[in-house]
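Student: Dropping a prediction and its sequence here:
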There are 2 protein chains.
Amino acid sequence: MEEKLKELKQRLQEINDLDMIGAVLNWDQSTYMPPGGAPARGRQMALVSRLSQEKFIDPAVGKLLDDLEPYADRLPDDSDEARLIRVTRREYERATKVPPEFLAQFNAHGSESYQVWIKARPENNFAAVRPYLEKTLELSRQYANFFPGYEHIIDPMIDMGDYGMKAASVRAVFADLRAELVPLVQAITAQEPADDRCLKQHFPEADQLAFAVDVIKAFGYDFERGRQDKTHHPFMTKFAFDDVRITTRVKENDLGDGMFSTFHESGHALYELNINRAYEGTPLGGGTSSGVHESSSRMWENIVGRSKPFWSHYYPKLQAVFPEQLKDVPLDTFYRAINKVQPSLIRTDADEVTYNLHVMIRFDLEMDLLEGKLAIKDLPEAWHARYESDLGLRAPSDVNGVLQDVHWYFGLIGGMFQGYTLGNIINGTWYATALESHPEIPADFAAGKFDTLRNWLTENVYQYGSKYTTNELLERVTGRPLNIEPYIRYLKTKYGELYEL
Amino acid sequence: MEEKLKELKQRLQEINDLDMIGAVLNWDQSTYMPPGGAPARGRQMALVSRLSQEKFIDPAVGKLLDDLEPYADRLPDDSDEARLIRVTRREYERATKVPPEFLAQFNAHGSESYQVWIKARPENNFAAVRPYLEKTLELSRQYANFFPGYEHIIDPMIDMGDYGMKAASVRAVFADLRAELVPLVQAITAQEPADDRCLKQHFPEADQLAFAVDVIKAFGYDFERGRQDKTHHPFMTKFAFDDVRITTRVKENDLGDGMFSTFHESGHALYELNINRAYEGTPLGGGTSSGVHESSSRMWENIVGRSKPFWSHYYPKLQAVFPEQLKDVPLDTFYRAINKVQPSLIRTDADEVTYNLHVMIRFDLEMDLLEGKLAIKDLPEAWHARYESDLGLRAPSDVNGVLQDVHWYFGLIGGMFQGYTLGNIINGTWYATALESHPEIPADFAAGKFDTLRNWLTENVYQYGSKYTTNELLERVTGRPLNIEPYIRYLKTKYGELYEL
């Protein structure tokens, strides 16, 4: 069995290396690649992805798993080896259900669709993307049907990003959350909006970058094990256990945009950088779900990075970097500016409170599309209608409507949005639980120290990688399943104080 | 046959893509990778290299070639398809003779050896590298012995970089060249050395980079199809037909170092960027030999970039970029400074005239090592002795002696040096031949125009990629084989004028 486990790990290491090679190719494409490189790069990424897939669905991997499962059953359920074998089996079952020809077709369609969207968006040309989106919907349904027996057609897609979650459970949680958020948003928007003009001055790029880098170093992001580059859309990517990179963008007329994006991506990176090193190169060696990943990114972006104690330490430093712009802006004004709540059209720019309403709109539209209740041709108007009813706003065109972000234009429809809000809910849970054993955490922030929180996250969440599912992690840490209460309490306390509700 | 040729091309495209993926991994390692990425990166590069090799030596490729060869024989000898089949066969025969286990061992040894050298060089510790170098020599002999029937043990190594050349022919050409160079060097060094203090002032990095980029754009390097980054050792690398990148280094206290390195690498890139697009993804789609590659890099670095007409156009521009440093330096002083001839210890820093003597020393030492006439333990002293006899200099330690550059510390011994001097000889031939039909070329340089030369090179050399061997190219262009005469004439004319010989 030792030998077989060793062979399995060797095969998984190669598959993992191929995936990480694909990540390098993608990173280069987003950061530095000259325009001429695009056609070959698409082909090269497809090749690496196909080789990885071929090596994973090799029947020899299935045979090794068959042989190893009785061995896993004799180990404690909680042992790393038993978990490795079971998680690999789960991934193997999923991978072998999808024919390679489908994957090839899906990847080719994704690239094409993306290229069409890139052109169509600035031209407000939904008609151009419509046939691609129709094909994407058809492919998404086909994908779901490789997993017969689902409760809801979106479930197989949710399963990819947030294993263990289902349409029914997500819908129930979202309904509860919505019932709390809508009155909160109403109470806040009944008041005068916060004044955020202090953020909209001219802030030179290099200074913005240097400040944010100092902060994430203090969070614990190690530039010996990563780096930051600029891209149009910020992201985190991993090439190795000790090479986890982030990207950001900077707007010189908006201080918040680049800074919070850097904090956010550093949160993703801190998760990956603190997984148990013994899991490297196996399916246990990455974050367990998009929900838990977002719980880390939004922890460092929002719960830490938009908190009063954090800025009581960092605001004087920020003022020293931008004396002209900020010397006459009191901390309280700045704090209110970075926490301004205001319904808006763009999800990625939304504040902490309204953000989840954007996600719910997308999630509901996806379910309607997949269920056949909504046709692609009617999607732009359905979008506008929901924004009007939920956020009281109507985009002047599809540019800030259904064309606003890339998500539906390179991947499946379904499975990509729920993680954002699950992450918010879960980070509320982590933070409340961490505070129970470490009430000194906010005082630490005020001293520029983040070890207590990061170590708590490492000990309770990060280190386990994909050993436990989202639900298992929640149960282990809190003794109960997903629960919106701590997150709602966090929002109500913070925004209650800010808006004197 | 159409079908079989199509299948062969598809397989070759995948193999080529894997090689280019390896190049991306290597580029990232040299430019941006954080230190933590190193161990995984070595493994990932080895994986890609192995997959490429496995796909190439697949017996199915041999079978396709067997089937296609009679078809190639019926085509005109000069047809692209016939050449593709024959060049692929040649590469296939070479690749299949080397066992994959040897390659794996060789690659692992190369990485280890490189790591040891990186540490040993600053410590002047030849003892540390000695056992690795002994192993490298042993592996080099093993490699040669996969090709029984060679005339000289170095021939299989020369064959890799400069197909068609052999120890005997290289030795004969080098002897002739040496007979001409030694008196030339003596005549020059008998005079007062040129004053190059104007190059050794402070030149801010960003301005140096911007100037050199302007120049290589004028040469024809297209930043839509490439880019330049900084590395410790400059190089050219190719990720696709339309993504050919270069790297450079900049020394703020030495204007020549970065600038000529940029010109040099742009010459390598111009070759790759102007190959017939129809050859993309096949063994015809890259430069034909290291000699012809160097003929292009040294053409743009030296024959163009260190010429009087070139600087009659660019020197006022350079003075405008660095007015403080250069306003009182006349063009003639600058021109003499960038063409200063002086025996030195470091090959890569050597001037046009003495450079070849460095190469010959290395080539002779390699032959002595491979023939068993020289033991690794005696190499440092043999090095010093040759530098004393040939260049009249003795390095104070091995740092600037046998440890000076990476070549012997990651690859084979043999096959890597002759290309540098072959390139010099060949660029003399190209330039003389181009001038015969385009006597206006120097006047073009003086007008900042480089199209005539570049187009001549594209038409006669670049476009063919590896369709023709070095010797075939020379025969096609000049009607005769490799010949040192035009190069010697170039050197004697240029340096005769400079030093009034």
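Tutor: Done, it's in.
Student: Domain ranges for chain A, per the record?
Tutor: Following automatic domain parsing, one finds the domains of chain A at A:2-97, A:197-327+A:427-479.
Student: can you put these in TSV and add distance to chain B?
Tutor: Every C-beta, even on glycine, is put in place using the N, C-alpha and C of the backbone. As requested, the domains of chain A are exported to TSV (distance: least, C-beta to the nearest C-beta, whole Å):
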stretch	distance to chain B
domain A:2-97	3
domain A:197-327+A:427-479	3
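Student: Tabulate the ones you listed in TSV, adding columns for distance to residue B:131 and mean neighbour count.
Tutor: Below are the domains of chain A laid out as TSV (distance: least, C-beta to C-beta, whole Å; neighbours: other C-beta atoms under 10 Å in any protein chain shown):
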stretch	distance to residue B:131	mean neighbour count
domain A:2-97	29	17
domain A:197-327+A:427-479	29	20
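Student: any chance of those domains in JSON lines, plus mean pLDDT?
Tutor: Below are those laid out as JSON lines (pLDDT from 0 to 100):
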{"stretch": "domain A:2-97", "mean pLDDT": "96"}
{"stretch": "domain A:197-327+A:427-479", "mean pLDDT": "98"}
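Student: Out of those domains, which gets nearest to residue B:26?
Tutor: For the domains of chain A, the distance to residue B:26 is smallest for domain A:2-97, at 10.6 Å, taking C-beta to C-beta.
Student: Helix, strand, or coil at residue A:245?
Tutor: Put simply, residue A:245 is strand when judged by DSSP: H, G, I helix; E, B strand; the rest coil.
Student: what's it in contact with, if anything?
Tutor: Applying C-beta atoms under 8 Å, 6 or more residues apart in numbering or on different chains to residue A:245 gives the contacts A:27, A:226-229, A:236-239, A:269, B:34.
Student: Provide the contact partners of stretch A:471-478 at residue level.
Tutor: A:164, A:288, A:292, A:426, A:429-430, A:433, A:460-461, A:464, A:468, A:480-483.
Student: Restricted to helices, list the residues you listed.
Tutor: Counted as lying in helices by DSSP state H, out of these, are A:292, A:426, A:429-430, A:433, A:460.
Student: which pair in the residues you listed spans the largest distance?
Tutor: A:292 and A:433 (13.8 Å).
Student: ok, the closest residue to residue A:404 other than its chain neighbours - contacts?
Tutor: In space, residue A:404 comes closest to residue A:346 once its chain neighbours are excluded; the distance is 5.9 Å by C-beta to C-beta, 6 or more residues apart in numbering or on different chains. By C-beta under 8 Å, 6+ apart, the contact set of residue A:346 is A:400, A:404-405.
Student: Please produce CSV containing those, extended by neighbour count, distance to residue B:385 and pLDDT.
Tutor: Converted to CSV, the contacts of residue A:346 look like this (neighbours: other C-beta atoms under 10 Å in any protein chain shown; distance: C-beta to C-beta, whole Å; pLDDT from 0 to 100):
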residue, neighbour count, distance to residue B:385, pLDDT
A:400, 17, 75, 95
A:404, 18, 72, 94
A:405, 14, 68, 90
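Student: Return the closest of those residues with respect to residue A:58.
Tutor: When the contacts of residue A:346 are compared against residue A:58 (criterion: C-beta to C-beta), the nearest one is residue A:405, at 36.1 Å.
Student: end to end, how far does stretch A:329-346 reach?
Tutor: Terminal residues of stretch A:329-346 lie 27 Å apart, using C-alpha to C-alpha, to the nearest Å.
Student: Quick check: mean pLDDT of it?
Tutor: Taken as a whole, stretch A:329-346 has a mean pLDDT of 97.
Student: residue contacts, residue A:350?
Tutor: A:344, A:357-358.
Student: show me the contacts for the spatially most central residue of chain A.
Tutor: Nearest to the geometric centre of chain A sits residue A:294, at 4.4 Å (C-alpha atoms, centre = their mean). Contacts for residue A:294 (C-beta under 8 Å, 6+ apart) come out as A:419-420, A:422-424, A:426-427.
Student: where does it fall, phi/psi-wise?
Tutor: phi -70, psi -30 (degrees, to the nearest 10).
Student: nearest residue to it other than its sequence neighbours?
Tutor: Residue nearest to residue A:294 in three dimensions, not counting chain neighbours: residue A:423, with 2.3 Å by C-beta to C-beta, 6+ apart.
Student: quick one: secondary structure of that neighbour?
Tutor: Assigned by three-state DSSP, the conformation of residue A:423 is helix.
Student: just checking, it touches residue A:295?
Tutor: Yes. The pair residue A:423 / residue A:295 is scored as a contact, 4.5 Å apart, by C-beta atoms under 8 Å.
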